[in-house]
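Asks: just to be clear, the model below is a prediction. Sequence and coordinates:
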Amino acid sequence: MIVKPFKTTLESEALNSIALRLPISHPMHKSMLKKAKNKAAGDIGEEVVMRELAKLKLPYSFHAYHNVSLYAEKLIQMDILIVTPHYALILEVKNFKDTVEITTNPSQMVQTLANGVKNVSRSPESQVEDYIYQLTQFFKQFNINLPVLGAVVFAFETLHIINSSNRTTILLQNDLLSYLRAIKTQKPHLNVTQLERIKNLILQKNKDYQPFPLSDYYSIDPKDLITGVICENCTYIGIKKVKLRWICPKCSTPSQTAHQHTIKEYFLIARKTLSNKECRQFLRLNNNHEATRIMKKANLTKIGKSSSTKYQMIFPK
């Protein structure tokens with residue numbers, strides 16, 4: 001049973017936004033663009049694996065969750081978590097192409113592209129080992145006695161994997177369901193009521209990773225961001241307000257709601273609070289009253305009174 005289905009994260013939306021709004025000449029532009037592309041690729045891989053899990057049938061109940069963040073000794077962000085009466089299983093999903101080598105001493109993952117370029121990152125095996133420990137500690141806080149397993153899943157088959165470590169189960173997406181069906185089980189650790197209790201606990205304690213605004217997180221000056229309302233059709237920044245609607249000068253697409261996305265972008269990437277002046281600057285408005293009207297209709301939380309009034313956007317946890 002899919003309890004928490006796949007959903008594109010706010011982090012992915014924020015990374016796309018900041019990559020688009022940083023000038024190409026900005027020293028952080030390439031870095032943000034790379035992070036946005038990597039996050040998008042990761043989302044694609046996780047969606048593919050969640051679609052596979054939707055096909056899964058086991059002789060016992062199970063709950064599957066996408067993108068779960070829980071706090072034990074520290075906050076851990078698990079791509080996919082499966083909880084059954086017999087075990088919990090953490091899946092670390094990777095979406096890579098060409099050749100990947102997983103090494104130990106040092107613990108690394110080295111991706112070699114077809115053009116010879118190498119990208120080095122943390123070993124997913126060490127990630128999984130850390131997550132297993134942290135989830136075990138989380139369960140202990142609530143007197144839950146459940147073995148925790150882990151595996152690394154590569155989402156696509158067009159990949160050559162060299163694994164010189166063998167510390168953790170490494171799977172291709174097509175092997176996942178057969179791997180799950182082959183896990184040996186004996187007497188269950190949980191009954192149906194306890195499994196339901198854990199489901200409610202995980203959903204209650206889950207806190208989606210929200211490093212917002214990204215300008216704070218990555219030490220980027222918000223003044224460096226390109227301002228203006230973005231076209232929902234062609235992503236041109238700086239569409240024009242003409243009476244009661246926005247018009248894109250590039251593709252001529254009209255919109256009455258384009259500013260809503262730009263307001264959301266502001267809180268994801270620029271600042272935690274929005275004043276009338278900051279609204280006018282970011283949306284390129286000339287009218288105080290129009291800025292006030294837009295903010296009042298944007299489902300924001302009002303802070304302060306009179307000239308010191310500011311607004312916040314509360315993102316769902």
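Replies: Happy to help now that I have it.
Asks: what about the helices in this structure?
Replies: Using DSSP state H, the helices of the chain run over 10-21, 29-53, 124-141, 176-182, 192-205, 214-217, 258-269, 276-283, 288-296.
Asks: CSV please, covering these and showing mean neighbour count and mean pLDDT.
Replies: For the C-beta atoms, the positions are set from N, CA and C on the backbone; glycine is no exception. Conversion of those to CSV gives the following (neighbours: other CB atoms under 10 Å; pLDDT from 0 to 100):
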stretch, mean neighbour count, mean pLDDT
helix 10-21, 22, 96
helix 29-53, 17, 96
helix 124-141, 19, 96
helix 176-182, 14, 97
helix 192-205, 14, 97
helix 214-217, 18, 97
helix 258-269, 22, 97
helix 276-283, 19, 97
helix 288-296, 15, 94
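Asks: could you dump those helices to TSV with distance to residue 168?
Replies: Listed next are the helices of the chain as TSV, based on distance: least, CB to CB, whole Å:
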stretch	distance to residue 168
helix 10-21	25
helix 29-53	16
helix 124-141	4
helix 176-182	12
helix 192-205	22
helix 214-217	29
helix 258-269	34
helix 276-283	45
helix 288-296	49
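Asks: mind checking which of those helices is nearest residue 161?
Replies: Minimum separation from residue 161 across these (CB to CB) falls at helix 124-141, 11.0 Å.
Asks: who are the packing partners of the closest one?
Replies: Secondary-structure packing of helix 124-141 (3 or more CB pairs under 8 Å, 6 or more residues apart in numbering; DSSP states H and E): strand 63-71, strand 75-83, strand 88-94, strand 148-154.
Asks: ok, now which ones touch residue 154?
Replies: 45, 93, 94, 95, 96, 100, 161, 170, 171, 172, 173 (CB atoms under 8 Å, 6 or more residues apart in numbering).
Asks: so how do I select the buried members of these in PyMOL?
Replies: A single PyMOL command selects the buried members of these (16 or more other CB atoms under 10 Å):
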select buried, resi 45+93+94+95+96+100+161+170+171+173
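Asks: of the contacts of residue 154, which is the nearest to residue 35?
Replies: Using CB to CB, these come closest to residue 35 at residue 95, 14.3 Å.
Asks: that older thread, out of the helices of the chain, nearest to residue 310?
Replies: Proximity to residue 310 (CB to CB) singles out helix 276-283 among the helices of the chain, at 8.3 Å.
Asks: highest mean neighbour count out of the helices and strands packed on helix 124-141?
Replies: strand 88-94 (a mean of 24; mean count of other CB atoms under 10 Å).
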